[in-house]
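Engineer: no sequence on hand, only this structure:
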């Protein structure tokens, strides 16, 4: 850990000697430790890597088709059913084995209705609005109330009980742009927990500045979480400029009044599916590598970066492995998860495969767009392990390094597997622009840079071969 | 932790409700829990923050003077002695109390001598070279040998024993640019451990591509670490273009021959100093907050971003606190550490203050340049603690968020205190450009953006007031 940090002291660096085989010849050690290993594993990994960077994968074609032929595909919608059929047909056409859909039930699916918002006093001005996923509807004729604006969620938390009675609470807290997207986890609390925090203080509705690093007028949706035992109030996201406009009115000592309409409906017990395909390994006893992206998306865009890209990257990477004459020892299983945005598909997968956990050697999800991969985080792997070394060598030309820190998490759809004891890996992507776009009408195909998409496929394919062919236990 | 990650699942977000005081009024809780607290702590924090962002701190003046009036100041040099006197005089002039130097001995200080490198066959071409700190010298007439180029450190590790006999080993592994500088920890292993790894395989000298994210011809130095029991071989850093040139020759099937001169000398038992000043708190029993930067620097530049900036930021932030009519409860102690680059000042400080550890409530170091601060990482602080909330509110206008992850480390000069049980905090800076410059002749004043420097001072000053005035135990 210390060696992976920029401030590492010299003393901490000394530790790294331990893993670096000062005197021995690790090449020889590798050969002895894994006699059944074909010496060509590293070469096969380089081959799929180079084929992907040369444009030889189907990733672009897949995400182009998914965004064009299907488009937005929220769980419970007819589009999601079409997306299931699309995934089944594509996996079969690409030569995957054991292609099937695993059905599960989504207890509460949510459908957006008519939405509008406007300042009605002391001036009249329309506001860019988008309901949060899961929001209860306003009455059909809307809510009319004064707003109270907080510059942070913490300021809302500090508001006394009852102080928001009859008001609409607005949180206008900007999100910090970070390359790895780490600003999101803290910023998203305004969206997820703000509605119930406002309700606990008497508010009749809740609005948040869009959880975004961008400044497009287009608002960003996403799931909210109502706390038990509190009134459920309607909740939406404002455009960045609209939230700032409200703050500027308040700074003038004015009390803006808003008219808010957020219609929506709930579908009880909606059908949902995880779609699965496999590239069988050479050795049926060697276990399974589970990877994937999620097929569902929010409704306003095309589900391009979230997460058409992840489905395309992982399917295309596995397909490159499938095209090789010699497959890796382990089976590569790709899952197109069917309900990530509002939760459920990861838990459904883990539950359906509870009896198989010992067979799953590692899992990972691609769910942070198509930006360039910078770093690989493995499960805790001994530093002297040949797998970590081979990965470092094959990934270096892609400008990806292998972190000395272990992976923390690897996408919410594999959290269930992780909780059951399956090791996970994480590819850290450049997410500098990701949160400008995600969950909004701007999540469209034009935002994907094809060369970056292909760098992702190259990294996934190389990793799949090496991890798939390894005899290292990652547990 | 899950809530601070971009992939956080909804289930993980639910956890955050626990800390968000759904029903209660935390403002009231705060007041009750800390009856002695002046209600103005948050206001004082805002005041110093706004004074800094308005240009009212001495940070720029300090770093301008340190780079102009002193310049590069390696430990053991006459310049470092002048830097000590500069720091003592400045701290006194700025009204700090208890200003003094704490001497310690640097067993091995290192002085660069004449250096040159050139390809002599099959073509003649000069190479940009800079010896690594601590390198043993070549003979005065240099070393003449064939090179073997490795594209990664892992490839060097895989080379069999004896395979480099009589050769110069070159590692040409690029460093991945990351906003938080995380590429450094892995890349720097080539510089730190490469010399002994090469020696273990028979090499007579070692060269690394500069550990940098940039592509300037100027090489980057830094400390190496010889492993016990192996021959110490001379080691240097090449310009990026020079390392690539060698790789291109090798790709043509050629075997480049290099003439290398790296002269240097060692100073045994050099004197060194940590320079200290304090802003006394209102309550002498309330403990001490220890912060600082490091005064020493590498020899080729001016020590501007590494770490004149850190000294300037922390001294200027403490000075803003000192100018307030009402001081925080706790004493603010600033330390200008005297030997960070080759190690020693943090350990010396921790040793000298071993009896005082219980009094030190928290420690932190500014040592990643003057780039904008993005994130605060506290020691493990309960989410419902008012301190974390107040920090979030006062830092939000600076676009800094408070992470839900605890700090991992906080600069190598406070590692000794941390090991002794002192909690540490970390301000994550935008280090996107930092490693283009650090440890090279390009580390000069013009690289510091004044507005970003002042954002740093604002963040440090606000934190110093709130942490300094808090009654929260951070242990």
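Structural biologist: Ah, there it is. As the structure is a prediction and not an experimental result, all values here were calculated from the model.
Engineer: what comes into contact with stretch A:237-256?
Structural biologist: Applying Cβ atoms under 8 Å, 6 or more residues apart in numbering or on different chains, the contact partners of stretch A:237-256 are A:117, A:119, A:121-123, A:125, A:127-132, A:146-147, A:149, A:151, A:170, A:172, A:191, A:207-212, A:214-222. Backbone N, C-alpha and C define where each C-beta goes, glycine included.
Engineer: for the stretch 201-350 of chain A, which segments count as strands?
Structural biologist: Assigned by DSSP state E, counting those that start in this stretch, the strands in the stretch 201-350 of chain A fall at A:205-209, A:235-238, A:257-279, A:288-294, A:331-337.
Engineer: was I right to think residue A:211 contacts residue A:189?
Structural biologist: No - judged on Cβ atoms under 8 Å, residue A:211 makes no contact with residue A:189 at a distance of 9.2 Å.
Engineer: tally of neighbours for residue A:114?
Structural biologist: 12 (other Cβ atoms under 10 Å in any protein chain shown).
Engineer: neighbours around the closest residue to it other than its chain neighbours, how many?
Structural biologist: Nearest non-adjacent residue to residue A:114, counting by Cβ to Cβ, 6 or more residues apart in numbering or on different chains: residue A:263, 4.7 Å away. Residue A:263 has 18 neighbouring residues, counting by other Cβ under 10 Å.
Engineer: tell me the contacts of residue A:263?
Structural biologist: A:112, A:113, A:114, A:115, A:137, A:138, A:140.
Engineer: which one of these is nearest chain B?
Structural biologist: residue A:112 (18.1 Å; Cβ to the nearest Cβ).
Engineer: and the closest one, what helix or strand is that in?
Structural biologist: Counting by DSSP states H and E, the element that carries residue A:112 is strand A:97-121.
Engineer: packing partners for that strand?
Structural biologist: helix A:78-93, strand A:125-127, strand A:129-131, strand A:235-238, helix A:240-251, strand A:257-279, helix A:345-352 (3 or more Cβ pairs under 8 Å, 6 or more residues apart in numbering or on different chains; DSSP states H and E).
Engineer: which residues touch residue A:427?
Structural biologist: Here residue A:427 is in contact with A:364, A:366, A:373, A:375, A:376, A:377, A:400, A:456, A:459, A:460, A:463 (Cβ under 8 Å, 6+ apart).
Engineer: wait, residue A:66 touches residue A:84, no?
Structural biologist: No - contact status for residue A:66 versus residue A:84: not in contact, 11.8 Å apart, counting by Cβ under 8 Å.
Engineer: the two - which one has more neighbours?
Structural biologist: Neighbours were counted for residue A:66 and for residue A:84 using other Cβ under 10 Å; residue A:66 has more, 27 against 23.
Engineer: if we can go back for a sec, top of the contacts of residue A:263 by number of neighbours, please.
Structural biologist: Going by other Cβ under 10 Å, residue A:138 tops those with 24 neighbours.
Engineer: what about it, is that helix, strand or coil?
Structural biologist: For residue A:138, the assignment made with DSSP: H, G, I helix; E, B strand; the rest coil gives coil.
Engineer: now residue A:178
Structural biologist: What three-state DSSP gives for residue A:178 is coil.
Engineer: and for it, nearest residue in space, chain neighbours not counted?
Structural biologist: residue B:374 is the one closest to residue A:178 (Cβ to Cβ, 6+ apart), at 5.8 Å.
Engineer: check the secondary structure at the one you found for me.
Structural biologist: Residue B:374 - assigned by three-state DSSP - is strand.
Engineer: quick one: neighbours of it, just the number.
Structural biologist: 24.
Engineer: show me what contacts it?
Structural biologist: If a contact means Cβ under 8 Å, 6+ apart, then residue B:374 has A:176, A:177, A:178, A:183, B:179, B:399, B:400, B:401, B:428, B:429, B:430 as its contacts.
Engineer: doesn't residue A:326 make contact with residue A:47?
Structural biologist: No - the pair residue A:47 / residue A:326 is not scored as a contact, 10.5 Å apart, by Cβ under 8 Å.
Engineer: more neighbours: these two, which one.
Structural biologist: Shown here are residue A:47 and residue A:326; by other Cβ under 10 Å, residue A:47 has more neighbours (17 against 11).
Engineer: could you pull up the residues touching residue A:357?
Structural biologist: With Cβ under 8 Å, 6+ apart, residue A:357 has these contacts: A:417, A:420, A:421, A:422.
Engineer: all helices of chain A, in order?
Structural biologist: A:10-14, A:26-33, A:41-53, A:59-65, A:78-93, A:153-157, A:183-200, A:240-251, A:309-322, A:345-352, A:386-395, A:415-419, A:434-437, A:450-469 (DSSP state H).
Engineer: tell me which parts of the stretch 301-450 of chain A are close to chain B?
Structural biologist: Residues of the stretch 301-450 of chain A found near chain B (Cβ under 8 Å from any Cβ of the partner chain) are A:342-343, A:346, A:365, A:367-368, A:374-375, A:389-390, A:392-393, A:396-397, A:399-404, A:408-412, A:415, A:431-432, A:434.
Engineer: got a PyMOL select line for the buried ones in those?
Structural biologist: To isolate the buried members of those in PyMOL, using 16 or more other Cβ atoms under 10 Å in any protein chain shown:
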select buried, chain A and resi 342+343+346+365+367+368+374+375+389+390+392+393+396+397+399+400+401+402+403+404+409+410+411+412+415+431+432+434
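Engineer: nearest to chain B: which residue in the stretch 351-475 of chain A?
Structural biologist: For the stretch 351-475 of chain A, Cβ to the nearest Cβ, closest residue to chain B: residue A:412, 3.5 Å.
Engineer: how many residues are close by the closest residue to residue A:71 other than its chain neighbours?
Structural biologist: Distances taken as Cβ to Cβ, 6+ apart place residue A:302 nearest to residue A:71, at 5.3 Å, with adjacent residues excluded. Using other Cβ under 10 Å, residue A:302 is surrounded by 23 other residues.
Engineer: if I look at residue A:302, how far off is residue A:66?
Structural biologist: Per Cβ to Cβ, to the nearest Å, residue A:302 is found 8 Å from residue A:66.
Engineer: can you pull the residues that touch both of those two?
Structural biologist: Common neighbours of residue A:302 and residue A:66 (Cβ under 8 Å, 6+ apart) are residue A:308.
Engineer: and stretch A:167-177, how far apart are its ends?
Structural biologist: Taking Cα to Cα, to the nearest Å, stretch A:167-177 runs 31 Å from one end to the other.
Engineer: quick one: it to chain centroid distance?
Structural biologist: 23 Å (Cα atoms, centre = their mean, to the nearest Å).
Engineer: ok, back up a step: which of the contacts of stretch A:237-256 are buried?
Structural biologist: Among these, those buried by neighbour count (16+ other Cβ under 10 Å) are A:117, A:119, A:127-132, A:147, A:149, A:151, A:170, A:172, A:191, A:207-212, A:214, A:216, A:218-222.
Engineer: any low-confidence regions in chain A?
Structural biologist: Scanning chain A with the threshold set as pLDDT under 70 gives A:1-39, A:382-384.
Engineer: quick check: closest non-adjacent residue to the spatially most central residue of it.
Structural biologist: In chain A, the C-alpha nearest the mean C-alpha coordinate belongs to residue A:367, at 3.1 Å (Cα atoms, centre = their mean). Excluding the flanking residues, the one nearest residue A:367 by Cβ to Cβ, 6+ apart is residue A:411, at 4.5 Å.
Engineer: pretty sure the one you found sits against residue A:345.
Structural biologist: No - here residue A:411 does not reach residue A:345: they are 10.8 Å apart, not a contact under Cβ under 8 Å.
Engineer: related to what we said a few turns ago, who touches the residue nearest to residue A:71 in this structure?
Structural biologist: A:67, A:68, A:71, A:72, A:308, A:443, A:444, A:445.
Engineer: for the residue lying closest to residue A:430 once chain neighbours are set aside, which residues are in contact?
Structural biologist: The shortest distance from residue A:430 to any non-neighbouring residue, by Cβ to Cβ, 6+ apart, is to residue A:371 (4.1 Å). For residue A:371, the contact set (Cβ under 8 Å, 6+ apart) comprises A:429, A:430, A:431, A:432, A:433, A:434, A:449, A:452.
Engineer: if you set the cut-off to 6 Å instead, what comes out?
Structural biologist: Applying Cβ atoms under 6 Å, 6 or more residues apart in numbering or on different chains, one finds that residue A:371 lies in contact with A:429, A:430, A:431, A:452.
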